[in-house]
Each structure stands twice: as structure tokens, then as C-alpha cells.
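K.L.:
Could you work out the structure for the sequence below:
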Amino acid sequence: MRLIGTLTSPYARKARLVLLEKGIPHEFVIDLPQGNLALQANPMGRIPALVLDDGFCVFDSAVIADYADTLNDDPVLIPRLDSRARLRVKRWEALADGIVDSAVVVRTERMRDGDKQDAATLELHNRAISNALDHASSLLGKSEWCKGESITLADLALTSALIYLDLRQPERDWRGAYPDLASWFAKMARRESVIAAGS
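P.N.:
Residues are numbered from 1 along each chain as shown. Got it, this is the predicted structure:
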């Protein structure tokens, strides 16, 4: 199978981390949103897109993660038998994706000429990121994992979101504001999957 994405896309990174953590063989193919490969695979031209060996395309990082997690049990990243545990992991994913969604809006707004930037939009989304980081730090505390006793999709989604913040908002001192989150991230950053995906 082939995963189409970019090295900077947090959504592609999340999907790639799932594949790497589960040891699922795949080729990572770099293409931009609306690029030729992305458009061939996904009618919306968005990344990531996971093209299976039979040509069937799975798109949206959450759908890719759900699918990939069913391919083997080593490890199970999204709980299967406990609906409440599954809900909690998926809620973590939504929180992490929300950080990314707002960070993308901020980046897009900042790319406009200074006099065309909407200060209210920047404030709204930067505040959303701060609120989400507050919530994530509070939930995580000094726990080793976001949910349960082992790695889950929650950890991979949050890792991807924090890497994206480092890339697009280097001025945001989230490590200084959330030392427990910083310690947790430092541990995650040493995982083979995170190193292989390029942090």
C-alpha cells in the first residue's frame, strides 16, 4: 500500500505513525494537496490518502487510522471491546486534530499581507489552541500514556499536533507552560516511529 502525503502535514504524520507503530509495510509517497497523485487517489485532492494494493483509496487521517488499526493487533491503538475506552481515545484524537485545525487556520491567516490579516480570526484560533493545550495537559498529568496502560492513537495524534506546533508556531512556548506535557512529548519523540516519520 502507498500513503500519499507530505513531511509537514500533521494529518499525514498521524496516519504514518499509526502504520509505523503497527509495523504495516507501506510506501510513503510525497505529494502536495491537489497534486497529481493526491487528485488521482482522492477526489478532493486532500492528503493523507492511503492507496491499498487493489487501488482502493482510504482518505482522511481518522479513517485511515481506524482502518489500519484493524489490520493487526500489535498494538491495538483504538480499543475494540470497551466502547467507553474507545470513546476516550477518539476524543483525544479529536482534541489533537482540533489543535491542528486551528494551527492551520492561523498559518493560513498569517500568510496574508499584514493589512489583510483578520486579528479576530487569529485571536480565536490561538485561544482555541491554548485552551486545548490546557485541557490536554490537565488530562495527561504525569501519566505515561494519554489513555490506559499502553500507547494508543491518542498518543500518536497528540504527538503529531505538537510537532506541527513546533513547526508552524515556534514562538509558542508550550513546553515552558506545560512541563508535564513537555516531558511526555520528549519520551514520545524518542520512539522509533516518530523518528522514522521525521520530527
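K.L.:
In contact with Leu17, which residues?
P.N.:
Leu17 makes contacts with 156, 159-160, 193-194, 197, as judged by C-beta atoms under 8 Å, 6 or more residues apart in numbering. Every C-beta, even on glycine, is put in place using the N, C-alpha and C of the backbone.
K.L.:
from these, which ones fall inside helices?
P.N.:
Members of the contacts of Leu17 lying in helices (criterion: DSSP state H): 156, 159-160, 193-194, 197.
K.L.:
Among the residues you listed, which pair sits farthest apart?
P.N.:
Spanning the widest gap among these are Ser160 and Ser193, at 10.8 Å by C-beta to C-beta.
K.L.:
So between the two, which is more surrounded?
P.N.:
Remark: of Ser160 and Ser193, Ser160 carries more neighbours, 30 against 18, as counted by other C-beta atoms under 10 Å.
K.L.:
how about the ones in helices among the contacts of Leu17 in JSON lines, adding distance to Asp66 and pLDDT?
P.N.:
Output for the ones in helices among the contacts of Leu17, formatted as JSON lines (distance: C-beta to C-beta, whole Å; pLDDT from 0 to 100):
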{"residue": "Leu156", "distance to Asp66": "13", "pLDDT": "98"}
{"residue": "Thr159", "distance to Asp66": "18", "pLDDT": "98"}
{"residue": "Ser160", "distance to Asp66": "16", "pLDDT": "98"}
{"residue": "Ser193", "distance to Asp66": "18", "pLDDT": "97"}
{"residue": "Val194", "distance to Asp66": "21", "pLDDT": "97"}
{"residue": "Ala197", "distance to Asp66": "19", "pLDDT": "95"}
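K.L.:
Show me which of those residues is closest to Ser150.
P.N.:
Of all the ones in helices among the contacts of Leu17, Ser150 sits closest to Leu156, with 12.1 Å by C-beta to C-beta.
K.L.:
Next one: that closest one from Ala65, what distance?
P.N.:
Leu156 sits 8 Å away from Ala65, going by C-beta to C-beta, to the nearest Å.
K.L.:
Overlap of the contact sets of these two?
P.N.:
With C-beta under 8 Å, 6+ apart as the test, Leu156 and Ala65 both reach 14, 18, 77.
K.L.:
Next SSE downstream of the lowest-mean-pLDDT helix or strand in the chain?
P.N.:
Sorting the helices and strands of the chain by mean pLDDT, DSSP states H and E puts helix 36-41 at the bottom, at a mean of 94. Downstream of helix 36-41, the first helix or strand assigned by DSSP states H and E is strand 49-51.
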